[in-house]
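1. Got a predicted structure here, sequence first:
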Amino acid sequence: MIKGPLAVAIWGAEEVSTSAGSDIWIFVIAAIGLGVAAAVLIVLSLVAGGFANIRIMARGIDAEAVIRAVEQTGTTVNDDPMVDFVLEVRPKTAAPFTAKARKLVSLVDLPMYQPGRSVHVRYVVGNDHVAIVDEKDKQMLRSKGLIVE
């Protein structure tokens with residue numbers, strides 16, 4: 001006899017023992033568990049990325065950068081898109097370099113972040129870790145005591 005979640009569909013409810021009907025709960029619990037695990041991993045990746053950007057903003061060196069490309073990530077937070085940027089960073093005391101940055105951009109501010117536009121960034125010397133810093137970011141860092149200007 002076939003057992004498992006399809007047994008009722010194949011044999012009918014009267015032919016299936018009560019233990020076969022309870023097997024479906026294993027699959028339901030497993031599906032719910034996988035869904036919860038996926039949600040937790042997504043939230044943790046967003047939080048980790050946010051902490052990395054804050055660390056770069058707090059400890060990085062100021063520079064100007066030109067946006068070379070803008071790409072959608074497919075992630076939104078409160079209807080605001082998370083955007084990947086390809087930047088040409090132009091430090092005052094070093095050679096220009098290309099870097100990538102990710103930023104949550106308000107829909108209202110999206111026109112300010114188009115290819116060819118100049119943005120203020122902070123970067124970590126020795127690697128290509130860059131964070132785009134706007135006025136809202138500066139206010140947040142000041143309120144937390146992470147930067148003093």
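-> Yes, it's here. Residues are numbered from 1 along each chain as shown.

2. Flag the shaky bits of the chain, pLDDT-wise.
-> Applying pLDDT under 70 to the chain flags residues 1-22, 45-51, 53, 138, 140-142, 144-149.

3. Show me what the top helix by length along it is packed against.
-> Criterion DSSP state H: the longest helix present in the chain is helix 24-59. Using 3 or more C-beta pairs under 8 Å, 6 or more residues apart in numbering; DSSP states H and E as the contact test, the elements touching helix 24-59 are strand 97-104, strand 118-123, strand 130-132, helix 135-143. The C-beta positions use only the backbone N, C-alpha and C, and glycine is treated the same way.

4. Most tightly packed of the ones you listed?
-> Mean neighbour counts were taken over the helices and strands packed on helix 24-59 using mean count of other C-beta atoms under 10 Å, and the top value, a mean of 23, falls to strand 130-132.

5. measure Ala39 to Ile32 for me?
-> When C-beta to C-beta, to the nearest Å is the yardstick, Ala39 and Ile32 sit 11 Å from each other.

6. can you check Gln72 too?
-> In this view, Gln72 and Ile32 are 30 Å apart by C-beta to C-beta.

7. any idea how far stretch 85-99 is from the chain center?
-> For stretch 85-99, the distance between its averaged C-alpha position and the chain's averaged C-alpha position is 23 Å (C-alpha atoms, centre = their mean, to the nearest Å).
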